[in-house]
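Undergrad: A structural model of the following input is requested.
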Amino acid sequence: MPLGTIHERRRIDCVCRKHQRRSISDEKKMLPYATISDAESAMGRSLSFLETFWFRYSARMPDYLLYYHNILFLFLIFTLAPLPLALLELRGAKFLNKYKIQPKSRVTLSSVVECYKAVLKVFVFVIGPLQLSSYQTIKFVGIRTGLPLPSVWEILSQLLVYFLIEDYGNYWIHRFMHCKWGYETIHHVHHEFTAPIGFAAPYAHWAEVLFLGIPSFVGPALVPGHMITFWLWIAFRQIEAIETHSGYDFPQIPTKFIPFYGGAEYHDYHHYVGGQSQSNFASVFTYCDYIYGTDKGYRYQKEHMAKVREHWRLEEQQKLEINGKDNKKSK
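TA: Below you'll find the predicted structure:
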C-alpha cells in the first residue's frame with residue numbers, strides 16, 4: 001500500500017475518532033453553548049433570569065446527573081413533607097383534633113420510626129435503582145434539558161395531562177390489587193395502616209411500588225416535556241400522596257379548589273374499610289370511581305354521617321334551649 005494512502009487513512013481515522021469523542025461529549029453535555037452570549041445568539045434573544053440561572057447551573061452538567069436529581073428530591077420529600085404534621089401530633093397539639101379524620105387513632109413515635117425505616121428500605125432497594133436504570137428511557141422518549149425553558153402554561157398543561165393519565169392507570173392497578181390474590185400477596189402491606197399517616201404514603205410491598213410506578217411514566221412518555229417539568233411532576237405527585245395519607249382534612253388547603261380532587265377524607269375512607277374495600281380506588285381525582293360506580297360506599301357513608309352529625313347538632317341545641325328555660329324559671 002502506498003505511503004500516502006496509509007497516512008491519509010490514519011488522518012481519516014483520527015478525524016473520525018475526534019468526531020466520535022465530540023459526539024459522545026455533546027450527548028453528555030447539558031447545553032451545546034460555551035457561553036451565555038452563544039446561547040443568546042443561537043436563540044436570537046436575551047435569556048430570561050430563570051434561563052440564565054439554568055444555564056449557569058446545568059451547562060457543564062451531564063444530562064444523567066440532572067435526571068438523577070429525582071433521587072434526591074424523592075428522598076427529601078419522603079423525609080421532610082410528612083414530618084411537621086407528625087411532630088405536632090406526637091407533641092399532642094390540640095388544635096389539630098378537629099381536623100383529624102379518625103379522631104380515636106393516635107400516632108406513636110414507634111409507629112412513625114418503623115414506617116420510615118420500611119419506606120427507606122424500599123427507597124434504597126427499589127425506588128433508587130429504578131431511577132438509576134430509567135435514564136435511557138427518559139432520553140429515548142424525548143425529555144429535553146436545553147433552552148428555552150418551558151412557559152408556565154406549558155408546564156401546567158403537561159402536569160394536568162400527567163395527573164389525568166396517572167390517575168386513570170393507577171385506578172385500574174389499584175382496583176386489581178383489591179382482588180383476592182392481589183390483596184393477600186401484595187397490597188395488604190399498604191393497608192396495615194387503617195388510619196394512614198403521611199409517612200405511610202409510599203409504605204407498600206416492593207412489587208406494588210413498581211406496578212404503581214408505571215402510570216407515573218406513561219404521561220411523560222406520551223407528552224414529553226422539559227426536565228424541569230418532569231422534576232415538578234415527580235415532586236407534586238409524591239406531595240399529593242402524602243397529603244391524601246395525612247389523616248387530616250384541612251378546609252383551607254388549595255387542593256380544595258381543584259375540581260374532582262379526592263383529598264385526604266376521600267382516601268382515608270378506603271383505608272378505614274381495609275381489605276374488603278371496593279370503593280375509592282382513584283389516587284388523585286374522583287371521576288373514575290364515579291363513572292365505574294366504585295364510590296357508592298363512600299357516598300352512602302358520607303350521607304349517613306352527615307345525618308348523624310345533624311342529629312347530634314339538633315340534640316345539643318335542644319339541650320341548650322332546655323337549660324336556658326330552666327335557668328329562667330329558677331330566677
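Undergrad: Just the element for the residue most central in space within the chain, please.
TA: Geometric centre of the chain, nearest residue: R237, 1.8 Å, by Cα atoms, centre = their mean. Element membership for R237, per DSSP states H and E: helix 227-244.
Undergrad: Please report the distance of E243 from V113.
TA: Counting by Cβ to Cβ, to the nearest Å, the gap from E243 to V113 is 21 Å. C-beta here means a position set from N, CA and C on the backbone, and glycine is covered the same way.
Undergrad: Could you do W54 as well?
TA: 39 Å.
Undergrad: For A235, grab the count of nearby residues.
TA: Counted by other Cβ atoms under 10 Å, the residues lying close to A235 total 16.
Undergrad: do you know how far the nearest residue to it once chain neighbours are set aside is from L149?
TA: Distances taken as Cβ to Cβ, 6 or more residues apart in numbering put F73 closest to A235, at 5.5 Å, once the chain neighbours are dropped. Distance of F73 to L149, computed by Cβ to Cβ: 18 Å.
Undergrad: Please tell me I have it right and the residue nearest to the centre of the chain contacts D167.
TA: No - using Cβ atoms under 8 Å, R237 is not in contact with D167; the gap is 9.9 Å.
Undergrad: Can you give me the buried ones in stretch 223-242?
TA: For stretch 223-242, the neighbour count (16 or more other Cβ atoms under 10 Å) marks 224-230, 232-235, 237-238, 240-242 as buried.
Undergrad: Oops, could you answer that again for stretch 264-279 instead?
TA: Those would be A264, Y266, H267, D268, Y269, H270, H271, Y272, V273, S277, S279, for stretch 264-279 by 16+ other Cβ under 10 Å.
Undergrad: ok, now which ones touch T137?
TA: Contact analysis of T137 by Cβ atoms under 8 Å, 6 or more residues apart in numbering lists F217, A221.
Undergrad: Helix or strand next in line after the helix or strand hosting it, which one?
TA: Per DSSP H and E, T137 falls inside helix 135-141. Toward the C-terminus, helix 135-141 is succeeded by helix 152-177 as the next helix or strand (DSSP H and E).
Undergrad: and the gap between the nearest residue to G182 once chain neighbours are set aside and D167?
TA: Leaving aside its chain neighbours, G182 sits nearest to F176 (5.3 Å; criterion: Cβ to Cβ, 6+ apart). Here F176 is placed at a distance of 15 Å from D167 (Cβ to Cβ).
Undergrad: show me where the chain has strands.
TA: For the chain, applying DSSP state E gives no strands.
Undergrad: just to revisit the earlier point, how about the helix holding T137, which residues are buried there?
TA: Buried residues in helix 135-141 (16+ other Cβ under 10 Å): Y135, I138.
Undergrad: which residues touch A118?
TA: Y203.
Undergrad: how close does it sit to A200?
TA: Applying Cβ to Cβ to A118 and A200 gives a distance of 9 Å.
Undergrad: For burial, what's the neighbour tally of the residue lying closest to L120 once chain neighbours are set aside?
TA: Leaving out its chain neighbours, the residue that sits closest to L120 by Cβ to Cβ, 6+ apart is F78, at 7.8 Å. Residues near F78, counting by other Cβ under 10 Å, number 23.
Undergrad: Tell me which residues touch P82, please.
TA: Contacts for P82 were tallied using Cβ under 8 Å, 6+ apart; they are I197, G198, F199, A201, I242, S246.
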